[in-house]
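[1] quick one, structure for this:
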Amino acid sequence: MGQELNIEDLSKGLDLQTEMGVEFLRLSLECVKLFDSKQVDYGSSNISINGELGVMVRTQDKVSRMRNLLLKQMSGVSEVNHESLEDTYRDLANYGIIGLMLNKGIWK
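    Residues are numbered from 1 along each chain as shown. Below is the predicted model:
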């Protein structure tokens, strides 16, 4: 597919100072890829319809999902049928950035 980004070069270019900053960048890029994939599948109109309030509702749904997953995990249930805790964290990160884009008026 496309040329793979060299995280080390990118982190140096951004002048990241910590190992956690580099890991944050690595995970952020995974979120960008997920976001872009969902844009291809769903487009922007589903977000545009309700704007920031819609993002708030979706975020609230994800937080509820996270709570349920964490409670299951704490009770020893390790398997879930649909969305993992990791998926939920990624979605929350992406909804946060979508909210910023809406707030800045750059969502299309």
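
[2] any weak-confidence spans in this structure?
    Residue ranges of the chain with pLDDT under 70: 1-4.

[3] in it, which spans are helices?
    7-13, 19-42, 45-48, 51-74, 85-104 (DSSP state H).

[4] pop the domain breakdown of the chain in here.
    Using automatic domain parsing, the domain parsing of the chain gives 1-43, 44-108.

[5] next up, the contacts around Val63.
    Shown in contact with Val63 (C-beta atoms under 8 Å, 6 or more residues apart in numbering): Leu92. Every residue, glycine included, has its C-beta placed from N, CA and C.

[6] return the distance of it relative to Met56.
    10 Å (C-beta to C-beta, to the nearest Å).

[7] over to Arg26?
    Distance from Arg26 to Met56, by C-beta to C-beta: 28 Å.

[8] can you check Met101 too?
    Met101 sits 14 Å away from Met56, going by C-beta to C-beta.

[9] next one: Leu85
    21 Å.

[10] picking up where we left off before, buried deepest among the helices of the chain, which one?
    Of the helices of the chain, the one with the most neighbours on average (mean count of other C-beta atoms under 10 Å) is helix 85-104, at a mean of 16.

[11] which secondary structure elements does that one contact?
    With contacts defined as 3 or more C-beta pairs under 8 Å, 6 or more residues apart in numbering; DSSP states H and E, helix 85-104 has these neighbours: helix 19-42, helix 51-74.

[12] would you mind pulling the contact partners of it?
    Here helix 85-104 makes contact (C-beta under 8 Å, 6+ apart) with 27-28, 30-31, 34-35, 38, 47, 51-52, 55-56, 58-59, 62-63, 65-66, 69-70, 73, 83, 107.

[13] quick one: that helix to helix 51-74, angle?
    On the basis of axes from the mean of the first three to the mean of the last three C-alpha atoms, to 10 degrees, helix 85-104 is oriented at 160 degrees to helix 51-74.
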